[in-house]
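Enquirer: Got a sequence here, can you build the structure:
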Amino acid sequence: MIQGPHLDIGVVSTYPPREDGIATFTRDLLDAVCKPRSGISARIAAITDPGAHYAYPRQVRWRIEQDDPESYAAAGHTLSRARVALVLLQHEFGLFGEWDERSGTLRDHVPAFLDALAKPLVTTLHTVIPRPPRSIRDAIRRLADKSASVVVMVHVAAKILAEDYGLDPCRLVTIPHGVPAVDPVDVTRAKRRVHLEKATVISTFGLLHRNKGLEVMIRAMPAITARHPDALYLIMGETHPQVRNKEGESYREELVHLARDLGMSRHVRFVNHYLSQASLIRYLQATDIYVTPYHDRSQITSGTLSYALGCGRAIVSTAYVYAAEALAEGRGLLAEFDNPDSIAQCVNLYLDDPTFRCQTEQRALDYGREMVWSNVGAQYAALPRRVAWGEP
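Expert: Numbering: from 1, shown residues only. Here you go, the predicted structure:
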C-alpha cells in the first residue's frame, strides 16, 4: 500500500548488466523497495568501468565514468537538479577511487561528488575496516557527515564505526543483506536437476579473485576425500572482470594446476560463467556444504554467504567479520584463516554427523528467512520516508 505522496529517489551504484556483487545487490534491493504500489521509484546513476558499454535498463538515467573525478562531480550536480527527494549511495572504495593498502594512500572521488550534491544522502557501506589508517577514517567520516543515515549489514560494523571512526551511533542503521525467498527442497532431487546426484557437493560461488582463498579449500580436499571419496568441490563463477583485465585468467589457471598437482582434478570442478539468480539457487539447493575460505578478516558483507544462509546450507567459513556474526549461535562452523586442515576438519564434522549437519541447516534457514528481500526492502523503504518526510 502506498504511504504518503510518491517518492522518487536517486541511486548511485553499479548496476546490471555490469557483473559485480554490488550491482546485483542494488538491483535486488530496488526490486524490493520499488514494488508496485510502494509509492517509491528510483532513478539510477550507474558507475561504469572504463571502456565498458552496457545496455542498461530504463531505470539508469545517468552514467558515471569510474576513476574520472569530473564524472562524479557531474553526477552530483545532475542529481541535485533532478526530481529526486534524496540520494541512496552504495559505497565501496574500489568504485569511488582506490586505496593502496601497502602505502596507506587513498585516491578518493567521493569528495567531488559530495561537494556537488545538494540533496539529502543515505549511504550504505559495503566495507568497514577495523582500526583504519587515517586516510580511510577521514574519508568515511567525511561521507558520514554528509549522510542523514549510514547503513551497515551487521551489528559489529556499526560498533566499529562508533568506536574506531567516532561516528554518532544514532545515525547508524543495521539492515541485513537481503536474500531471495527460497522454499526448501530435497537435496537429492536438487542434485538430479544439475546432474550431480552421485556427488557430495561442496561449493563456493562468486566472482573469482585472490582474496577468495579458494586455493586453501582445494588444499583441504585430500583430507576430505580420504574420508568421503565422492566429495566434489564446485567453484561457481567467472573471474572478476577487473581482475581479468589486469591478469587474465592466471588465478583460475593456478587453481586448476593446484588441483592437478594434488591429484584432485576429479574432485574440483569449475563453472566458469556468471550465473543467473535462478541457476545459482539451483546449485545452492544441490549443495551439501557451502564454504567461504576468504582471506580478508575485515570483510563486513558477503552476498554469497547470505544466499547460502537463505537456502539453509551447512556452512564452513573463515572468521571474517560478517561470517563471525552471521554464523554465531550454531548457524555454521568457523575455520582458521589460511589453514586447509582446519577447513577439512569442519567439513568432515558435518559429513561424519548427518544429525549435526541437519540441525545446523535448520538454524541457518531460520536466520536466512529473516533476511528475505521483502523484509529488507521494507526497512530500506522506511529510510527515505524518514529523511524526506520526517516519518518515525
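Enquirer: tell me the contacts of Ala326?
Expert: Counting by CB atoms under 8 Å, 6 or more residues apart in numbering, Ala326 touches 154, 302, 305-306, 309, 332, 367. Quick note: C-beta positions are derived from backbone N, CA and C, even for glycine.
Enquirer: how about the residue nearest the centre of the chain, what does it touch?
Expert: Central residue of the chain (CA atoms, centre = their mean): Gly303, 3.2 Å from the mean position. By CB under 8 Å, 6+ apart, the residues touching Gly303 are 21, 24-25, 177, 206.
Enquirer: Could you export the contacts of Ala326 as a markdown table, including distance to Ala162 and pLDDT?
Expert: As requested, the contacts of Ala326 are exported to a markdown table (distance: CB to CB, whole Å; pLDDT from 0 to 100):
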| residue | distance to Ala162 | pLDDT |
| --- | --- | --- |
| Val154 | 13 | 91 |
| Ser302 | 22 | 89 |
| Leu305 | 24 | 94 |
| Ser306 | 23 | 94 |
| Leu309 | 26 | 95 |
| Gly332 | 26 | 98 |
| Tyr367 | 24 | 95 |
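Enquirer: list the buried ones in stretch 188-208?
Expert: Buried positions in stretch 188-208, judged by neighbour count with 16 or more other CB atoms under 10 Å: 190-191, 194, 196, 199-208.
Enquirer: For Trp62, grab phi and psi.
Expert: Note on Trp62: its backbone torsions stand at phi -140, psi 160 [degrees, to the nearest 10].
Enquirer: Grab the longest strand from the protein for me.
Expert: Counting residues, the longest strand in the chain under DSSP state E turns out to be strand 40-48.
Enquirer: starting at the chain centroid, how far to that strand?
Expert: Taking CA atoms, centre = their mean, to the nearest Å, one finds the center of strand 40-48 at 19 Å from the center of the full chain.
Enquirer: where does Phe270 fall, helix, sheet strand or coil?
Expert: strand (DSSP: H, G, I helix; E, B strand; the rest coil).
Enquirer: what residues go with each domain of this structure?
Expert: Following automatic domain parsing, one finds the domains of the chain at 7-177+372-389, 187-369.
Enquirer: Distance across the last one, terminal residue to terminal residue?
Expert: For domain 187-369, the separation between the terminal residues is 19 Å (CA to CA, to the nearest Å).
Enquirer: Provide a list of residues in contact with Tyr283.
Expert: Tyr283 makes contacts with 194, 203, 205, 234, 236, 271, 275, as judged by CB under 8 Å, 6+ apart.
Enquirer: How far off centre is the one helix or strand the second one maps to?
Expert: Spelled out, it's Ser203. Using DSSP states H and E, Ser203 maps to strand 200-205. Centre-to-centre, strand 200-205 and its host chain are 18 Å apart (CA atoms, centre = their mean).
Enquirer: In the following helix or strand past it, which residues are buried?
Expert: Sequence order places helix 214-225 as the next helix or strand after strand 200-205, per DSSP H and E. Neighbour-count burial for helix 214-225, counted by 16+ other CB under 10 Å, picks out 214-221, 223-225.
Enquirer: Quick check: Ala148 touching Val122?
Expert: Yes. Ala148 is within contact range of Val122, at 5.9 Å (criterion: CB atoms under 8 Å).
Enquirer: thinking again about what came up before, could you identify the most distant pair in the contacts of Tyr283?
Expert: Taking CB to CB as the measure, these reach their widest spread between Val194 and Phe205, a distance of 12.7 Å.
Enquirer: which residues touch Val33?
Expert: Val33 makes contact with 40, 42, 377, 380-381, according to CB under 8 Å, 6+ apart.
Enquirer: The closest residue to Lys146 other than its chain neighbours: which element?
Expert: In space, and not counting its chain neighbours, Lys146 is closest to Leu114: 4.9 Å by CB to CB, 6 or more residues apart in numbering. In the assignment (DSSP H and E), Leu114 maps to helix 110-116.
Enquirer: Could you point out the helix or strand that follows that helix?
Expert: Where DSSP H and E defines the elements, the next helix or strand beyond helix 110-116 is strand 121-125.
Enquirer: Beyond that following strand, next helix or strand please.
Expert: Next along the chain after strand 121-125, taking DSSP H and E as the criterion, comes helix 134-145.
Enquirer: contacting residues around the following helix or strand past that next one?
Expert: On the C-terminal side of helix 134-145, the closest following helix or strand by DSSP H and E is strand 149-152. Contacts with strand 149-152, where a contact means CB under 8 Å, 6+ apart, come from 122-125, 128, 143-144, 158, 161, 167, 171-175, 300, 380, 383, 386-387.
Enquirer: about what we covered before: check the contact lists of Ala148 and Val122 and give me the overlap.
Expert: The contact sets of Ala148 and Val122 overlap at 86, 387 (CB under 8 Å, 6+ apart).
Enquirer: For those two, work out which one has more neighbours and name it.
Expert: Applying other CB atoms under 10 Å to Ala148 and Val122 shows that Val122 carries more neighbours, namely 21 against 15.
Enquirer: Might one say that that one is in contact with Pro384?
Expert: Yes. Using CB under 8 Å as the test, Val122 is close enough to Pro384 to be in contact (6.8 Å).
Enquirer: residues shared between the contacts of these two?
Expert: Joint contacts of Val122 and Pro384 (CB under 8 Å, 6+ apart) are 86, 88.
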